[in-house]
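J.: attaching a predicted model along with its sequence, questions to come.
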Amino acid sequence: MTEKEILALREEFSQNELYKKSCSPYKDCQFEQFSADGEILEGRHGKTDVINGKERYVIFTFKNGLINSQDGMAAVECPNHWEWWNNGLLEKVIDNDAGVEEIWKEGVPISISERTDTEK
């Protein structure tokens, strides 16, 4: 997929109402291939990030530079927030602070529902 095609898809996704409501701070990273010091990222990497005005330590899992869940584990993890990804596309978000669970398909959320429990 070319960069132009990726940008067009991201623009299309951003028009989706559920996409706009999503609590994922990383939804705009779909299709992005991450690297550090010229090396494509593999495995787990952590960094401090500011999410909703709070500094949080976030752990990412990568496969070929794309955010990707492995062995059923979340690909993005920070306190009270988990995201499952498949080869650079979001599949599920659980956010206990917002009390929501999101199910994604082909780059956009197809449902956002309230959670009554707070277990991952």
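T.: Yes, it's here.
J.: how far does the longest helix anywhere in the chain sit from its chain's centre?
T.: Assignment by DSSP state H gives helix 3-14 as the longest helix of the chain. Centroid separation between helix 3-14 and its chain, computed with Cα atoms, centre = their mean, to the nearest Å, is 16 Å.
J.: likewise for stretch 13-20?
T.: With Cα atoms, centre = their mean as the basis, stretch 13-20 stands 14 Å off its chain's centre.
J.: for that stretch, buried residues please.
T.: 13, 19 (16 or more other Cβ atoms under 10 Å). C-beta here means a position set from N, CA and C on the backbone, and glycine is covered the same way.
J.: now it: mean pLDDT?
T.: What stretch 13-20 shows for mean pLDDT is 93.
J.: what does that stretch rub up against?
T.: Here stretch 13-20 makes contact (Cβ atoms under 8 Å, 6 or more residues apart in numbering) with 27, 30, 102, 107-112.
J.: and the next helix or strand past the one helix or strand in the chain whose mean pLDDT sits lowest?
T.: Least confident helix or strand of the chain, by mean pLDDT, DSSP states H and E, is helix 3-14 with a mean of 91. Following helix 3-14 in sequence order, the next helix or strand is helix 17-21 (DSSP states H and E).
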